[in-house]
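Undergrad: Output the structure for:
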Amino acid sequence: MFFKRTPPNKLTIFFQFLISILFLANFNIAVAGNDSIDAVATKFADPVSQYLLARKYMRGDGVEQDYAKAAKWFQKAANNSHTKAQFELAKLYLNGLGVEKNYAESVELLITPATKGNEKAQYLLAMLYLEGKGTEKNTSQAIDWLREAANQQHTKSLLLLANLYYQGNEVDKDVPESKKWLQQAVDLGIIEAEDRLEKIIEDEQNARRLVELKKSPALRYRTAAEKGDINAQFTLGNSYLKGKNGLKKDSREAVKWFKKAAEQSHAKAQYTLGNLYYQGKGVDKNYRQAKKWLNKAAKNNIQAAKDLLNKIAKNDKKKLHQAKLKKSPAYQYQIKAEQGDPDAQYKMGQFYLSGEKGLDKDRGKAKKWFLSAAKQAHKEATYELANIFKDENNIISAVRWYSKAAIATHPESQYQLGILYQSGTGIKTNYPEAGKWLLLAAKQGHIKAGDLIMQMYSQGQIESIEYSNSDSWLEKIAEKGNQDAQYLIANYYVSSDMPEKNEDKAATWYRRAAKQGHMNAQYKLAVMYQEGRGVRKNNTWAARWYRKAAEQGHMQAQYMLGIMYTKGLGLPKKQAMAKKWYKAAADQGHIEAKLKYNKCSPCR
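TA: Next up, the predicted model:
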């Protein structure tokens, strides 16, 4: 197969550029105006716009990241033969992002961009053929595609081709071919390729040296080793360990020669000796000696020594933890937790979170146990798990787990969910959703939830609050002096369609709110005094409360105060004052006040 990337002509590039500019301009207008962003791409109905929109959804660029929508628009562009869209959609199917993982679909989508010279598509297609995913395994096809990509200086393809030819598992081993591809990668400045090439050359040199030594290996090694040659000592030790070079396996003899080389700072001998002490092979198990020699090897940059030391450290830590756990009061909970008891799992999470019962604080272990219990619908564990995600600033996961606990009537989770939706922390602000969860928490006696929902009500973030006389939460807040709560309760008792209607109680609550300056409560209390509802009829008090509400700008109170002055109800007749308050109400759009003001000729 020979494919060349066909460059688009200048006219095509110009039109694609023009479409991109138009799409981005319309996209920014849609974002600024809260219009449908999808409508922008639909309006253009061209693959370039569809591809650009898909990329924005995939990257979360100017929109909330949404792989499903990205896949949708990539599919539309792909259907219109947009090769970049086909490639991106293939990757989504490959990784199961926004669509179900489907290797066969990836293969089908990659063929066109690969055929048109997309080196990344060629590499991915090669990997699928090599692994037999979404298609029958076809090493020959895989190699062909890798060659196409490598010839375009695709780094991963160069390295993979080199590795395949060097290993000789999928294709016939061909070291010169491997070196050829590695050299191309080296020419591109790839450090990894340079290291591999040096290793192959070194291996070739060592292989040639070994052939020479095999003519009389044991004699050569022993003679040199006894003279103090550390490389010979290591090789002789390795020969005894593996039974090579005409020698029988002898672990004790191997240890002897490894130790001689290790004492002369031979790094590999130090590692091997440490490993033998760790395994108890050729010597008695001795972790102290193992760590001693492994540390020396690690200082000489032997990665295997570092890895083994880390493994030993983890095992030591685990043993220490288990020993400590067995002595701690938490041990019985641990046993039950491991058997799947959600209450015990929750307890273990608490112990690790707070460092109780003889355990050290460990948020990772706490999270693990809370998750185990939460998966079994343990409300408290679900709440604690959500808290950990919130502390980690993973708000999406926090909302998910708070929601599960909130649905299960956990009041603190309902409250926390309400806070997140009200504040818009990490998620889109949603006042109705916040109000819903806060109200549910408040009805369960959560004081802070009640306070916050009243705060939202006073700030106009929610328009109304559902209340019945069985809801003690609102009354508790009202008793603490919250004027909005007092006003709402009063409204409930004065409502004509409520079976619990009680105008005496309504007047009491209106008065408490009115005394704190609640404008609407002042007006309604004035009405009750004027009509003698819930209180003894008293125009003087009615006028007094109308005045307080009017002075705060209550339009109807201003109009009624004008009436009181006109008729001399509860205060002296004063047409000038009547006109003043009629005008104040009229200026706010009160039609009857305007008529009264215009008729007030003696006041002119």
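
Undergrad: what about the residue most central in space within the chain, distance to residue 332?
TA: Geometric centre of the chain, nearest residue: residue 394, 4.8 Å, by CA atoms, centre = their mean. Going from residue 394 to residue 332 by CB to CB, to the nearest Å gives 32 Å. C-beta here means a position set from N, CA and C on the backbone, and glycine is covered the same way.

Undergrad: ok, now residue 193?
TA: Applying CB to CB, the value for residue 193 to residue 332 is 57 Å.

Undergrad: Looking at these two, which is more packed in?
TA: Per other CB atoms under 10 Å, whichever of residue 193 and residue 332 has more neighbours is residue 193, with 21 against 12.

Undergrad: OK, contacts around the closest residue to the more buried one other than its chain neighbours?
TA: Distances taken as CB to CB, 6 or more residues apart in numbering put residue 185 closest to residue 193, at 3.3 Å, once the chain neighbours are dropped. Residues in contact with residue 185, defined by CB atoms under 8 Å, 6 or more residues apart in numbering, are 155, 158-159, 162, 192-193.

Undergrad: go again using 10 Å as the cut-off
TA: By CB atoms under 10 Å, 6 or more residues apart in numbering, the contact set of residue 185 is 150, 153-159, 161-162, 191-194, 196-197.

Undergrad: Helix, strand or coil: sort out it for me.
TA: Using DSSP: H, G, I helix; E, B strand; the rest coil, the structure places residue 185 in helix.

Undergrad: that older thread, taking the contacts of residue 185 one by one, which sit in helices?
TA: 150, 155-159, 161-162, 191-194, 196-197 (DSSP state H).

Undergrad: Redo those as a markdown table? Include distance to residue 130 and pLDDT.
TA: Output for the ones in helices among the contacts of residue 185, formatted as a markdown table (distance: CB to CB, whole Å; pLDDT from 0 to 100):
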| residue | distance to residue 130 | pLDDT |
| --- | --- | --- |
| 150 | 14 | 93 |
| 155 | 17 | 93 |
| 156 | 12 | 93 |
| 157 | 11 | 93 |
| 158 | 15 | 92 |
| 159 | 14 | 94 |
| 161 | 11 | 94 |
| 162 | 14 | 92 |
| 191 | 25 | 92 |
| 192 | 20 | 92 |
| 193 | 20 | 87 |
| 194 | 25 | 91 |
| 196 | 19 | 92 |
| 197 | 22 | 90 |
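
Undergrad: could the residues you listed be laid out in a markdown table, adding distance to residue 122?
TA: Listed next are the ones in helices among the contacts of residue 185 as a markdown table, based on distance: CB to CB, whole Å:
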| residue | distance to residue 122 |
| --- | --- |
| 150 | 9 |
| 155 | 13 |
| 156 | 11 |
| 157 | 7 |
| 158 | 12 |
| 159 | 14 |
| 161 | 12 |
| 162 | 16 |
| 191 | 24 |
| 192 | 20 |
| 193 | 19 |
| 194 | 24 |
| 196 | 22 |
| 197 | 23 |
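
Undergrad: Would you list the buried entries among these?
TA: For the ones in helices among the contacts of residue 185, a burial check counting by 16 or more other CB atoms under 10 Å picks out 150, 155-159, 161-162, 193, 196-197.

Undergrad: which of the residues you listed lies closest to residue 342?
TA: The nearest member of those to residue 342, counting by CB to CB, is residue 156 at 46.0 Å.

Undergrad: measure the closest one to residue 127 for me?
TA: From residue 156 to residue 127 the distance is 9 Å (CB to CB).

Undergrad: Overlap of the contact sets of those two?
TA: Residues touching both residue 156 and residue 127 (CB under 10 Å, 6+ apart): residue 146.

Undergrad: Closest one of the ones in helices among the contacts of residue 185 to residue 59?
TA: Nearest to residue 59 out of the ones in helices among the contacts of residue 185 is residue 156 (CB to CB; 22.1 Å).

Undergrad: Please verify my assumption that that closest one contacts residue 188.
TA: No. When contacts are counted by CB atoms under 10 Å, residue 156 is not listed as touching residue 188 (11.7 Å).

Undergrad: picking up where we left off before, out of the contacts of residue 185, which comes closest to residue 424?
TA: residue 156 (41.9 Å).

Undergrad: any idea how far residue 163 is from the closest one?
TA: Applying CB to CB, the value for residue 156 to residue 163 is 10 Å.

Undergrad: Which positions in the helix or strand harbouring residue 176 come out as buried?
TA: Counting by DSSP states H and E, the element that carries residue 176 is helix 175-187. By neighbour count on 16+ other CB under 10 Å, the buried set for helix 175-187 is 177-179, 181-182, 184-186.

Undergrad: ok, now stretch 58-72?
TA: So stretch 58-72, judged by 16+ other CB under 10 Å, has buried residues 58, 63, 67, 69-72.

Undergrad: roughly how far is stretch 482-501 from the heart of the chain?
TA: 44 Å (CA atoms, centre = their mean, to the nearest Å).

Undergrad: Can you list the buried residues in it?
TA: So, applying 16+ other CB under 10 Å, buried residues of stretch 482-501: 482-494.

Undergrad: and if you look at stretch 133-148?
TA: Under the neighbour-count criterion of 16+ other CB under 10 Å, stretch 133-148 has 134-135, 141-148 buried.

Undergrad: Which neighbouring elements make contact with the helix or strand hosting residue 368?
TA: Using DSSP H and E, residue 368 sits within helix 363-374. Judged by 3 or more CB pairs under 10 Å, 6 or more residues apart in numbering; DSSP states H and E, the packing partners of helix 363-374 are helix 331-338, helix 342-354, helix 379-391, helix 395-407.

Undergrad: Export those to CSV and append columns for distance to residue 463 and mean pLDDT.
TA: Output for these, formatted as CSV (distance: least, CB to CB, whole Å; pLDDT from 0 to 100):
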stretch, distance to residue 463, mean pLDDT
helix 331-338, 47, 88
helix 342-354, 39, 91
helix 379-391, 29, 93
helix 395-407, 22, 93
